[in-house]
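Student: quick one: sequence and predicted model below, then my questions.
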Amino acid sequence: MSIEATPKGSMGVAMKRKEDPRFLQGKGNYVDDLSFPGMLHMAIVRSPYPHAEIVNIDGSAALKVPGVKAVITGKDLEAAGLGWLPTFHGYDKQMVLAIGKVLFQYQEVAAVFAESRAAAADGAEAVEVEYKPLPVVADPFVAKQDEVLLRPDREAKTNHIYHWEVGDKDKTAQALGAAEKVIKQRIWFPRCHPAPLEPCGCVAQFDTMGRLTFHVTSQAPHVYRTAITIVTGIPEDKIRVISPDIGGGFGNKVPVYPGYVCAIVGALKLGRPVKWIESRTENLTSTGFARDYHMDVEIGARADGTVTALRVSTTADHGAFDAAADPTKYPAGMFGVVTGSYTFPVAHAEVDAYFTNKAPGGIAYRCSFRVTEASYAIERGMDILADELGMDPVELRRKNFVRKDQFPYASALGFTYDSGDYHRTLDVALEKIGYQALLKQQAEKRAKGELMGIGFSTFTEVVGAGPSKHFDILGIKMFDSAEIRIHPTGSGIVRAGTKSQGQGHETTWAQIVAEELGLDPQNIMVEEGDTDTAPYGLGTYASRSTPVAGAAIAMAARRIRERARKIAAHLMEVGEGDVEWKDYKFQVKGVPAKSVTMKEVAFAAYTNPGQNEPGLEATQYYDPPNMTFPHGAYVAVVDVDRETGEVKVRRFLAVDDCGTVINPLIVEGQIHGGLTEGFAIAFMQEIQYDKDGNNLNTNFTDYLVPTSLESPKWETANTVTPSPHHPIGAKGVGESPNVGSPAAFVNAVIDALSPFGVRHIDMPITRDKVWRAIRDSDPAKG
Amino acid sequence: MNLQYSGEEIIAADKAAVWKAITDPEWVGRCIPEVVDVTVRDPTHFDAVAKVGVGPVRGNFKFRFELVPGASGDRMDMKISGGGFGSAVDLTAGADVSDAGGGQTKLSWSGQAVARGPVAAVGGRVLDAQAQKLISQTFANVRERLSRR
Amino acid sequence: MRVSIKVNGVAHERDVEPRTLLVYFLREHCGLTGTHVGCDTSSCGCCVVVLDGDTAVKSCTMFAAQADGREVSTVEGLAQGGALHPLQQAFWDNHGLQCGFCTPGMLMTSYALLKHKPNPSETEVREELAGNLCRCTGYNNIVKAVRQAAETLQAAPVQK
């Protein structure tokens, strides 16, 4: 294992995960594993038309199917004031079940409730819907022309959703005009989908007192609870949301989906628990997609490669509703980090978003709120600039990096980067990949007509949403929380407002507490996901858990230590000021022989607290002072077959810097997983819609997930540049590999094809695209 | 998914008999292969339920037909919309009816189908082959039944 | 129709609709929820169980009726007498799981693999696991785990 950390107590220890035994024995507790007496199953009727008026919905045949108990439609929900769902950032609302018309293929049209899964499916088959097709808009550039109005329900009669911009438009235009070299490239990050292996689902049940317990695959259970209150009017104390074990999230399980609302309505109306589990097809065609940003990137530079200006103009395709789960003031997420790791003196970025007849969404798939798009744009742009200047892409990057002594660094687009050491991380990468030897080998192969490419991505990303002065979701500030209680015999429990979907919180949170309190992490239990017991948190996505909840946990633990210190003083019969925490013990200053352990203090807290409040617990709600800025240097080495266009990834090295590493085994696992997702995006994944709005990638035979056979063997390493404002110096890392890797892959392929003068190929880079690029290139160079 | 088909049938019956048959909704409905039910709504509209299978997707498909006979008795246009297992198919078809001499009639037909939903996602080739089969078999049945009269 | 299947050595006899898939028979009728459903095209392998001791099958693509009178092994039957099977131990040691959803399928496919190829090379492991998708781990650690288990089993075979 190649992620390194300096173990100190429990920090930096590669301990095996505490949660694994139940998963290994098939005793995980996923939502579809739940069953309750009298439980009904729900199935959803979906539209085959991308855009159509609903002429009539007839559920009468469905109600005759044995086992079917009820059918509800958009009209029924509208009558109950539940027809529309607010989207998280508040710029739009979304139909729960279609009202009046359908706006994307596979949109929810009716919900059927039945005694069994099969009966519900039979019932859904039997619902008759009459549609009157309307003209389809499947392209944001066509939507822009406003010839067909998709959303007459909105006040502004246009398909344009919003315009967002940041930076200095005029100064950037001037700088580009004056630049010695300007490159401009349209770079598209196509639509893809996170496709966690467990699809979305829920079980809704009301008890005899009218209290709702909602088991649901949610990455943000508390936000769901508040959202349900807002939508249904049920008081928040009468709602309990439980996120059980979740089989992968990757942002797919952040939005509140129409199926969830229907299940709650069904449970209320029918007085029985209702389970809804979507199919893979439903997951791929109707739940939150990712990306779909068409970006025009312009970089201005001096002849020597010093960058002078960056301008990015983006057309965003949001689908039929703007359900992108961004914080309120950020319709384009953190796209402003598009200046990347470089010192652009001026920059301007703008995004114009449009509705189309496609599934809604936009924020998902480890994107850190659009950081994946931004990072891809700048890393591709820098490579194109290097190519035009005839410069080594490594030298161009190094020349323009923010230097270590420049941190905290205020970027031209308003971010203050906390810390970083880009030069060192890049040097580690160059050394480990053997860059000079690779260049030599590449030159030899080129002389023989063999295509080999080396691609870099030296990204900086921004995570840890976020400081209350900038961030909120539905008005709720993006703090996070921890509640820790230590038991008389020295073990304890920590509850946090985050919700792991595989990231290993049951282990890493225990490690933080154990480290701060000198206890055994095996005896610190971690609980997340039950809104009745966990303190309010904004959940786990956008790599925010370690930066925000991790900080809350460390600080709550320090509060406990402070209370414990008073009890220690009482035990050792000295003044409070004479006790210090040293070597994981409370010691009398200057008298190391006189000490007590936390375990002894814990026992005393319950049996002999003296004048102190009995018990030993603390809660901390943490409002981060800033975001954190993990960074990395990735290198891809590829070989391309010029006859078939096949790309083989020979090597991939990821050197990450996420600050302090809590558990190197878990960090490495996160990197492996994210790199595999980046690999999928770069070479094989896309959610395509044809011009008639038909979704062409609706299941795993058409939407490809890499298998063990084609996934490369990942090489990893790390540098450690702690975050100065984080209590344990940690920055978070889960999304970095998906943020950084696509550009490395693409840069490598383009590098391999440089004998043909190919400038850019959009992802996914399939064999036929490579083959065509070679065939269509300048023959003189071939 | 846009699919185009065309074909020709020589029918051993005169033009008037052919025209009479293909303007009769009940009669046309019964020509659909594996038809299970035909419900006539009015002289030019009828519904039919037929067993259809496209790859792993099998079951009963409901079709709504509208017959649009040309005024001169030489052309019949049809609008067909169908649904089943979450999918939708819209077809437009037309047939030119002409005297082929010797008491025979020529039926030149062409059609275009648009399919959406799980049926379309199954894959172009499979859907194409099945749709081709369904349409040609329908017209072959027209020829068969008329030739037996 | 009446279906009788021996699951992990225990007989389960139930009256089920003929169209009941084996995976739902196991999950809903036998109460063994370790076997998962992750897709609708037989692509993901979350549902893999072992038939008659050594054949890995995708239980989403088999009717319960087809397993009538036969023996099915699921992940719940791997650990014996409270001790983890070497495969389970190896996955744990090597961080071969994150969300755990693909894990039962991975374990059962690996179990069958090691019955046929007790000493697989890395390439062979990757080939044999190509029917089991994972979104979290990137497979490197899973492959390591299977090879560690192969070594352990060769040194000390588990009676099963």
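Tutor: Perfect, I can see it now. Numbering: from 1, shown residues only, chains lettered A, B, ... in the order given.
Student: what's the single longest helix in the chain?
Tutor: I'll assume chain A. helix A:551-572 (DSSP state H).
Student: chain B, not that one
Tutor: Here the longest helix in chain B is taken by residue count, with DSSP H as the criterion, and it is helix B:124-148.
Student: now do the strands in chain C.
Tutor: Listed from the start of the chain, chain C has strands (DSSP state E) covering C:2-7, C:10-15, C:48-51, C:55-58, C:71-73.
Student: now the following helix or strand past the longest helix of chain A: average pLDDT?
Tutor: Counting by DSSP states H and E, the next helix or strand C-terminal to helix A:551-572 is strand A:579-582. The average of the pLDDT scores along strand A:579-582 is 95.
Student: and C:Cys44, how close does it get to chain A?
Tutor: As defined by Cβ to the nearest Cβ, to the nearest Å, C:Cys44 lies at a distance of 6 Å from chain A. (Glycine included, C-beta is placed from N, CA and C.)
Student: repeat for B:Ala100
Tutor: In this structure, B:Ala100 lies at 37 Å from chain A, with Cβ to the nearest Cβ as the measure.
Student: look up phi and psi at whichever residue of chain C sits closest to chain B.
Tutor: At 8.8 Å from chain B, C:Thr41 is the closest residue in chain C, using Cβ to the nearest Cβ. The phi and psi torsions at C:Thr41 (degrees, to the nearest 10) take the values phi -130, psi 20.
Student: A:Lys75: neighbour count?
Tutor: Summarising burial for A:Lys75: neighbours were counted as other Cβ atoms under 10 Å in any protein chain shown, giving 15.
Student: that one in helix, strand or coil?
Tutor: helix (DSSP: H, G, I helix; E, B strand; the rest coil).
Student: OK, contacts around whichever residue of chain B sits closest to chain A?
Tutor: Residue nearest to chain A within chain B: B:Gly117 (3.3 Å; Cβ to the nearest Cβ). The neighbours of B:Gly117, taking Cβ atoms under 8 Å, 6 or more residues apart in numbering or on different chains as the test, are A:Pro48, A:Gln105, A:Tyr106, B:Phe85, B:Gly86, B:Ser87, B:Ala88.
Student: by pLDDT, give me the weakest of these.
Tutor: In this model, the minimum pLDDT among the contacts of B:Gly117 belongs to B:Phe85 (68).
Student: residues contacting A:Phe335?
Tutor: A:Phe335 sits next to A:Val312, A:Thr314, A:Ala349, A:Val351, A:Arg370, A:Val371, A:Glu373, A:Ala374 when contact means Cβ under 8 Å, 6+ apart.
Student: the residue of chain C found nearest chain A: how many residues sit nearby?
Tutor: Distances between chain C and chain A by Cβ to the nearest Cβ are smallest at C:Gly34, namely 1.9 Å. By the other Cβ under 10 Å criterion, the neighbourhood of C:Gly34 contains 26 residues.
Student: and if you look at A:His423?
Tutor: Around A:His423 there are 17 other residues, counting by other Cβ under 10 Å.
Student: please apply the same query to C:Glu122.
Tutor: Under the neighbour criterion other Cβ under 10 Å, C:Glu122 is assigned a count of 13.
Student: next one: the longest helix of chain B to chain centre, how far?
Tutor: Averaged C-alpha coordinates place helix B:124-148 at 7 Å from its chain's average position (Cα atoms, centre = their mean, to the nearest Å).
Student: and stretch C:62-72, by the same measure?
Tutor: The gap between where stretch C:62-72 is centred and where its chain is centred comes out at 15 Å by Cα atoms, centre = their mean.
Student: hmm, back to that, what residues does the residue of chain C closest to chain B make contact with?
Tutor: Each residue near C:Thr41 by Cβ under 8 Å, 6+ apart is listed here: A:Arg280, A:Asn699, A:Phe700, A:Thr701.
Student: for the residues you listed, which one is nearest chain B?
Tutor: In terms of Cβ to the nearest Cβ, no member of these lies closer to chain B than A:Asn699, at 6.8 Å.
Student: separation between the closest one and A:Thr285?
Tutor: Plainly put, A:Asn699 is 9 Å away from A:Thr285 if you go by Cβ to Cβ, to the nearest Å.
Student: strands along the stretch 51-200 of chain A, start to end?
Tutor: According to DSSP state E, counting those that start in this stretch, the stretch 51-200 of chain A carries its strands in the segments A:52-58, A:68-73, A:84-86, A:93-95, A:101-102, A:108-114, A:128-133, A:160-167, A:181-192.
Student: hmm, back to that, among the contacts of C:Thr41, name the buried ones.
Tutor: Applying 16 or more other Cβ atoms under 10 Å in any protein chain shown to the contacts of C:Thr41, the neighbour count classes A:Arg280, A:Asn699, A:Phe700 as buried.
Student: redo these as JSON lines? Include pLDDT and distance to chain C.
Tutor: Supplementary listing: the buried ones among the contacts of C:Thr41 in JSON lines, determined by pLDDT from 0 to 100; distance: Cβ to the nearest Cβ, whole Å:
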{"residue": "A:Arg280", "pLDDT": "97", "distance to chain C": "4"}
{"residue": "A:Asn699", "pLDDT": "93", "distance to chain C": "5"}
{"residue": "A:Phe700", "pLDDT": "96", "distance to chain C": "4"}
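Student: can I get the residues you listed in CSV with secondary structure?
Tutor: Output for the buried ones among the contacts of C:Thr41, formatted as CSV (three-state DSSP):
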residue, secondary structure
A:Arg280, helix
A:Asn699, coil
A:Phe700, coil
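Student: reformat these as CSV; add distance to A:Ser10.
Tutor: Formatted as CSV, the entries for the buried ones among the contacts of C:Thr41 read as follows, by distance: Cβ to Cβ, whole Å:
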residue, distance to A:Ser10
A:Arg280, 39
A:Asn699, 44
A:Phe700, 40
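Student: which of those come close to chain B?
Tutor: Filtering those for proximity to chain B (criterion: Cβ under 8 Å from any Cβ of the partner chain) leaves A:Asn699.
Student: all set, thanks.
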